[in-house]
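Enquirer: attaching a predicted model along with its sequence, questions to come.
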Amino acid sequence: MTEFCWVAFTHDDSNDLRTRIDQHEQKYPAQTPSGLISRRTYEIDYLGERYAEGVDEKRVEDVRLVIYGELSRSGLAPSTAKLAAETGLDPTEVESALARLAANRDIVLRRGQIVMAHPFATIPLGFSVMGRKTLWWGGCAWDSFAIAHLVPDEPEVLVATQCPQCGTAHAWQVSREGPPAGSQVAHFLVPTKQIWEDVVHSCHNQRIFCDSGCVNEWLRSTGNESGYEMDLSTLWRLARGWYAGRLDRGYVRREPLLAAEYFASVGLRGPFWGL
Ligand SMILES: [Zn+2]
Ligand SMILES: [Zn+2]
């Protein structure tokens, strides 16, 4: 009888989990490879908080710094084994630290893997960013333009993408000196107050188009409502100071929802930005 109850519970439990993963994958098909994952992995990805107990904040910051250091130098996220070796934590403690960082929105996990640590990404989201020594996936238009401002040894990078509507290739040499030339426009689909409902989806839809005509055509063909359109100078100013200090110990993450003053200072306007 006990065993029967246990089996029934497990069965219901994984059906519920499967349903939640299915719903997520239907809504955001590009980012979630199919296949059942464990409840624990799923919950750490999406509900990190409850697995984040028992690791002190200094250790969590140690893990964050190894992740950001590795991503800034190589474009690759460190493995759990590497994080454990570099911080002296055991793998379970590393997992708890990752859960804490995900709950804090310092990183984004999918199936237990680091897919984003803004402005870095480890999955293709429409942009490549090439420095002198390192090649990164840019998380989005905003993140791609931010990398030259953040990584000390790479003050100028080549950002490349394709117009999501017509496929035209675009590239800019982005530096700290000033905005790149170009008449293309950036379009952000998801307003700041909803960015973290699904941040991978939000970043994937912060793109650069040939012009307003391509944005409007894309909105029509995808059935999306208009978001916010800006020129490349505004995008560059938005990216310039947003991640300042992120590679240093003790960094406090900016929350887009609370950043109205910063957005206003770079020339953004309206309710899309919480203004
Ligand atoms: Zn186009
Ligand atoms: Zn982004």
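Expert: Nice, thanks for sending it over. All values reported here derive from a predicted model rather than from experimental measurement. Ligands and ions are numbered 1, 2, ... in the order given.
Enquirer: which residue packs closest to the spatially most central residue of the chain, ignoring adjacent ones?
Expert: Per C-alpha atoms, centre = their mean, the C-alpha nearest to the average position across the chain is that of Met116, at 4.1 Å. Closest residue in space to Met116, ignoring its immediate chain neighbours: Val108 at 3.9 Å, by C-beta to C-beta, 6 or more residues apart in numbering. Where you see a C-beta, it was placed from the backbone N, CA and C, and this is true even at glycine.
Enquirer: looks like the one you found contacts Leu98 (just checking).
Expert: No. Taking contacts as C-beta atoms under 8 Å, Val108 lies outside contact range of Leu98: 10.6 Å.
Enquirer: now the common contact residues for those two.
Expert: Ile114 (C-beta atoms under 8 Å, 6 or more residues apart in numbering).
Enquirer: domain-wise, how is this structure divided?
Expert: Per automatic domain parsing, the domain ranges recorded for the chain read 39-117, 124-273.
Enquirer: for ligand 2, find the nearest of those.
Expert: Comparing these against ligand 2 with C-beta to the ion, the closest turns out to be domain 124-273 (3.3 Å).
Enquirer: in the protein, which spans are helices?
Expert: 2-27, 39-46, 57-74, 80-87, 91-103, 141-150, 199-204, 212-222, 232-242, 260-265 (DSSP state H).
Enquirer: now stretch 79-87: mean pLDDT?
Expert: Throughout stretch 79-87, pLDDT has a mean value of 95.
Enquirer: any buried residues in it, and which?
Expert: Residues Thr80, Leu83, Ala84, Glu86, Thr87 are the ones in stretch 79-87 that count as buried (16 or more other C-beta atoms under 10 Å).
Enquirer: same thing with stretch 231-249?
Expert: For stretch 231-249, by 16+ other C-beta under 10 Å, it's Leu232, Thr234, Leu235, Trp236, Arg237, Leu238, Ala239, Arg240, Trp242, Tyr243, Arg246, Leu247.
Enquirer: what do you get for stretch 135-150?
Expert: So, applying 16+ other C-beta under 10 Å, buried residues of stretch 135-150: 136-150.
Enquirer: which of the residues you listed sit farthest apart?
Expert: Spatially, the most separated pair among the buried residues of stretch 135-150 is Trp137 and His149, at 17.3 Å (C-beta to C-beta).
Enquirer: need the residues of the stretch 151-275 of the chain near ligand 1, please.
Expert: Cys163, Gln165, Cys166, Thr168, Cys210, Cys214 (C-beta under 5 Å from the ion).
Enquirer: tell me how far His118 lies from ligand 2.
Expert: 6 Å (C-beta to the ion, to the nearest Å).
Enquirer: residue contacts, that residue?
Expert: Gly139, Asp143, Tyr243, Arg246.
Enquirer: rerun at 7 Å
Expert: Counting by C-beta atoms under 7 Å, 6 or more residues apart in numbering, His118 touches Gly139, Asp143, Tyr243.
Enquirer: could you do Tyr251 as well?
Expert: Gly245.
Enquirer: what residue ranges in the stretch 1-150 of the chain score low on pLDDT?
Expert: Along the stretch 1-150 of the chain, the model assigns pLDDT under 70 to residues 1-51.
Enquirer: and for the closest residue to Ile123 other than its chain neighbours, the neighbour number?
Expert: Spatial nearest neighbour of Ile123, excluding adjacent residues (C-beta to C-beta, 6+ apart): Val115 at 5.0 Å. Other residues near Val115 number 22, with proximity taken as other C-beta atoms under 10 Å.
Enquirer: what does Ala181 give?
Expert: 9.
Enquirer: OK, contacts around it?
Expert: Taking C-beta under 7 Å, 6+ apart, one finds nothing in contact with Ala181.
Enquirer: mind checking how far it is from ligand 1?
Expert: From Ala181 to ligand 1 the distance is 18 Å (C-beta to the ion).
Enquirer: do His204 as well
Expert: As defined by C-beta to the ion, His204 lies at a distance of 17 Å from ligand 1.
Enquirer: pretty sure Asn205 sits against Leu189.
Expert: Yes. Judged on C-beta atoms under 7 Å, Asn205 makes contact with Leu189 at a distance of 3.7 Å.
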